[in-house]
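Enquirer: No sequence on hand, only this structure:
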DNA sequence: CTGTTAGCGCTTTCAT
DNA sequence: ATGAAAGCGCTAACAG
């Protein structure tokens, strides 16, 4: 029962030497062939191609890595208590990695940012990975900057939705939304903020406050009705509104994301406030469901592919010791749907 | 400018020999220590622990893999044109892998099932991974059963939502939903089916038809108003209903998932039909937004953690040549919310 | 343009 | 309970 299985390696894979023998060359020449060495006699190449095919030979990546000291692997690291992750981000990143000759693996790490930093160090120092891309909230105590073994770490300046954080401008759609709504007559804005350990949540909150301040002179009466702390969940949006004191007055809500917005819409309804009749609301993410809900949600469309691409380009550049090209791609775009409209007539 | 970076290995990592020297033992003994060999003198152990700590030594996984022939890596493979993937599934799988001493990597592969099968073979045969877990729709032409190099492949009998497919019973909530709704007076059921290359979509469709048939005798007049082919998207649900001929008569809809359900709700509304006043509808997935939408969606709650766990347990068992324990966990649970209710009074 | 010689860092016999 | 020798499959150097 507990007899250890023999673990018989059924069909040992062929090695360079076997290929060499079959092609009538030295194993070294095979190696050259495998790496696509430019200067080789066409005849030799042909014989080698034949031998490789016939034997079904594949390079042993482990052996190659041992010798070269490079694993050819880059890691995207996800925090685990995130319910869903947009695969377009990952797919785009993987594609970029692939184009540069790397294999991208994803590590899903449960626990806090400490655990992730730890795992990253482990991956790097054990030689499994050459670089780590931190997705999600930032590791608290910074990032292990272990440069040993040629390993690099791209500091996690990409956020949950992979919002770039370097440029605070990335939360600019919040400013845009406020300006637009102010133009429609709205004056009192509420912000349902996301979890502040996430850089994107912080950015949105900051832009919210700053914009209200900045636009004040242009729109007399423009004020913040408050910033309600919360999470990324629909519950949070619902509770945030439901637990608001009765005298809080507002006609526009900037929600941390679409889920929060959806929760808020329901809570508003239960308070007898209709959207967009009494209150306008804007989310973030362009979740598919929000396009068909009633009301459909005004939101910020995020270019997930671009996020993944940009992030991975930076990591690849870093690992190679090059300088990352600063692609100024426009990643976020505000779209207006049913959940936002003109401010209600004055006087309640 | 274009000067190739020297790629100086800044701080070459210490090896077993350095540790051995410092601890005054042979490199061999270090190896034993690393693998936790039981029979060792406590004093030696202590000296080794000290040396390892002091030098900041970490095992070189690449070298170890080369020698042992086992990479210690298992791969979860995701198809790429899937907008979002529930991380709980991945997290649970990763945890199980970890508990068994494996590292789980995720590979996001763009393209069709052919590309994924190809990539799997590559991973296995190159020795990077010891086993692959196919998530998402099934590779068309079966799976590469390469047993070389001790590699195994868990055939992808897990679906998009990781619905186990072996037991068709897994779509049983559909049967349950129909029975419940029939009890509430519904007689004409419409099915908005998911993409049929996904096993779970096929299963739901099959159970739908089979249940209507089976329950016919108990509920006179019970019939299918049709099965509308579609995808997993909200668009699909919307179009499916919007393009229905005017004379199609039904009071209950079984949707492929929540997105489809949400799209359908809107299309119904535009046809002048209210949910659940005129039509009841049930989705699948328990998407967070559906809990707060108006109407909130009746749906099937899926235990994502259980799915990930079960899947990985099977893979680990397979790789080790053991037999997988058939955990009969209850994974799906129907919940009733606002979108479903009694059938409207007869006679339209 | 191709072959020979070493050796990456570790673990696995086999001694002692 | 520990040490010595050998080699996993590959590529980097240096010859030829």
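Expert: Everything's here; your move. In this text, all values refer to a predicted model and were calculated from it rather than measured experimentally. Residues are numbered from 1 along each chain as shown, chains lettered A, B, ... in the order given.
Enquirer: When you work out contacts or count neighbours from here on, use the C-alpha atoms and nothing else.
Expert: Fine.
Enquirer: Get me the contact residues on chain A for DNA strand D.
Expert: Taking CA under 7 Å from any atom of the strand as the measure of proximity, chain A contacts DNA strand D at A:12-17, A:27-28, A:30-32, A:34-35, A:58-61, A:63-64, A:66-68.
Enquirer: I'd like the list of those residues that fall within helices, please.
Expert: Taking DSSP state H, the ones among the residues of chain A next to DNA strand D that sit in helices are A:16-17, A:27-28, A:30-32, A:34, A:61, A:63-64, A:66-68.
Enquirer: in stretch A:219-228, what's buried?
Expert: A:219, A:222, A:223, A:224, A:225, A:226, A:227, A:228 (16 or more other CA atoms under 10 Å in any protein chain shown).
Enquirer: again, but for stretch A:58-66
Expert: Residues A:58, A:59, A:60, A:61, A:62, A:63, A:65, A:66 are the ones in stretch A:58-66 that count as buried (16+ other CA under 10 Å).
Enquirer: ok, which of the residues of chain A next to DNA strand D also contact DNA strand C?
Expert: Of those, the ones that also sit near DNA strand C (CA under 7 Å from any atom of the strand) are A:27, A:28, A:63, A:66, A:67.
Enquirer: Can I get the residues you listed in TSV including distance to residue A:274?
Expert: Converted to TSV, those look like this (distance: CA to CA, whole Å):
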residue	distance to residue A:274
A:27	76
A:28	75
A:63	65
A:66	64
A:67	66
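Enquirer: which phi and psi does residue A:107 have?
Expert: Torsion angles at residue A:107 (phi, psi; degrees, to the nearest 10) stand at phi -110, psi 120.
Enquirer: tally of neighbours for whichever residue of the stretch 51-200 of chain A sits closest to DNA strand C?
Expert: Nearest to DNA strand C, among the residues of the stretch 51-200 of chain A, is residue A:67, at 3.5 Å (CA to the nearest atom of the strand). Residue A:67 is surrounded by 12 other residues when neighbours are defined as other CA atoms under 10 Å in any protein chain shown.
Enquirer: Now do it, the pLDDT please.
Expert: At residue A:67, the pLDDT value in this model is 89.
Enquirer: go on, the one 10 residues further on?
Expert: On pLDDT, residue A:77 comes in at 88.
Enquirer: Roughly how far does it sit from chain B?
Expert: From residue A:77 over to chain B the distance is 10 Å, taken as CA to the nearest CA, to the nearest Å.
Enquirer: That residue contacts residue A:107, doesn't it?
Expert: Yes: using CA atoms under 8 Å, residue A:77 is in contact with residue A:107, at 4.8 Å.
Enquirer: Give the residue from these two that has the larger number of neighbours.
Expert: Neighbours per residue (other CA under 10 Å) separate residue A:77 from residue A:107, with residue A:107 holding more: 27 against 21.
Enquirer: Cross-check the residues of chain A next to DNA strand D against chain B and keep the overlap.
Expert: Restricting these to those adjacent to chain B (criterion: CA under 8 Å from any CA of the partner chain) gives A:12, A:13, A:58, A:59, A:60, A:61, A:63, A:66.
Enquirer: Present these as JSON lines; the columns should include distance to residue B:170.
Expert: Listed next are those as JSON lines, based on distance: CA to CA, whole Å:
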{"residue": "A:12", "distance to residue B:170": "40"}
{"residue": "A:13", "distance to residue B:170": "40"}
{"residue": "A:58", "distance to residue B:170": "40"}
{"residue": "A:59", "distance to residue B:170": "41"}
{"residue": "A:60", "distance to residue B:170": "40"}
{"residue": "A:61", "distance to residue B:170": "40"}
{"residue": "A:63", "distance to residue B:170": "44"}
{"residue": "A:66", "distance to residue B:170": "46"}
